Structures are given as C-alpha cells and as structure tokens.
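1. mind looking at a prediction? Sequence and model below.
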Amino acid sequence: MFQNLLADRFKLKIHMATKELPATVLVVGKSGAKFEIQRGNGALVVKNTSMASLANILGSPLGGMPVERVMDQTGLSGLYDIKLDLRGFDRNDPAFGGSYQEMRSGLTLFVSDALERAYGLRLERRMVRLESLVVDEGNKVPTEN
C-alpha cells in the first residue's frame, strides 16, 4: 500500500537488483576456529548463538561505535558462547584524524584481531553479491492530492 502511495504521489519507479558490493564478512581464520571460553570483564558477551547471529551483532552499534553490516561466511553450524574484551578501543584516537571512515576501519580491525586471538575467526572486506533497491525514477515534489 505504501509503495503504491509513493509510486502515485512521487512517480517513483524502483526495482530490485543484485550487485557486487564491498561488505565485511565473518570468516574462519587461517589457524582454524577455536572456542575456548575465557573468563573476565569483556564488553561483549554472547551466549548460545549461531555464527549468523554473531555477524548480526557485530554489524550493530557496539557501545555507540559505528560499524557496518557483517555477513556470516564461516560455514560453521551450531551454537557458541562468545566473549570479547573491546574496552581497549578508543574511538577518539588521534590516529583517526577525526575521520569517521578511519575510525570505523580501526574498529573493524580491532574487533577482527580480538576474534582471531580468542576464537580463530576474523573480519574481512570482500566483494559480495547483495540484493539492492534501485530507484529508477522519481519526483522530489509530490503531486497534488
């Protein structure tokens, strides 16, 4: 119903397309997956979760820090307990030069290193096929009622 309204009022024409886009993926590291539960005051604790759920959690804001969508490409099934200490990351580090993109890249690297040390998993940037909404045509101003 909402799509029909947008099409009518804004002459919006859209379609879905699959494109190769850069994305962050969760993969098994070179040394293989390892799941030894560690004790401590970690900032991220996830219990009884799948790798797909972990990827979704990693793609959500962690402690107010911006991240991007993460996709599971580990091939691991089952449920796991994950505990990561992310307190050492400083989003105000002068090395980022105040750049949002640099800070986000730094966070991804920090989380990837923590995952690889603790569980033999890592985050990588790859080109992946994603379904996207493409706007073909539309007016900025709606038509009259």
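-> Nice, thanks for sending it over.
2. tell me what the longest helix along the chain is packed against?
-> Within the chain, and with DSSP state H defining each element, the longest helix by residue count is helix 100-119. With contacts defined as 3 or more CB pairs under 8 Å, 6 or more residues apart in numbering; DSSP states H and E, the secondary structure elements packing on helix 100-119 are strand 80-84, strand 121-137. To be clear about C-beta, it is placed using only N, CA and C from the backbone, and glycine gets the same treatment.
3. repeat the analysis, applying 6 Å as the threshold.
-> Other elements packing on helix 100-119 under the criterion 3 or more CB pairs under 6 Å, 6 or more residues apart in numbering; DSSP states H and E are strand 121-137.
4. now do the buried residues in the strand it packs on.
-> 121, 122, 123 (16 or more other CB atoms under 10 Å).
5. again with stretch 48-62
-> 49, 50, 51, 54, 55, 56, 58, 59, 62.
6. adding distance to residue 3 and pLDDT, write those residues out as TSV.
-> Compiled in TSV, these are given as follows (distance: CB to CB, whole Å; pLDDT from 0 to 100):
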residue	distance to residue 3	pLDDT
49	34	88
50	32	92
51	33	94
54	33	90
55	29	90
56	26	87
58	31	87
59	26	84
62	33	63
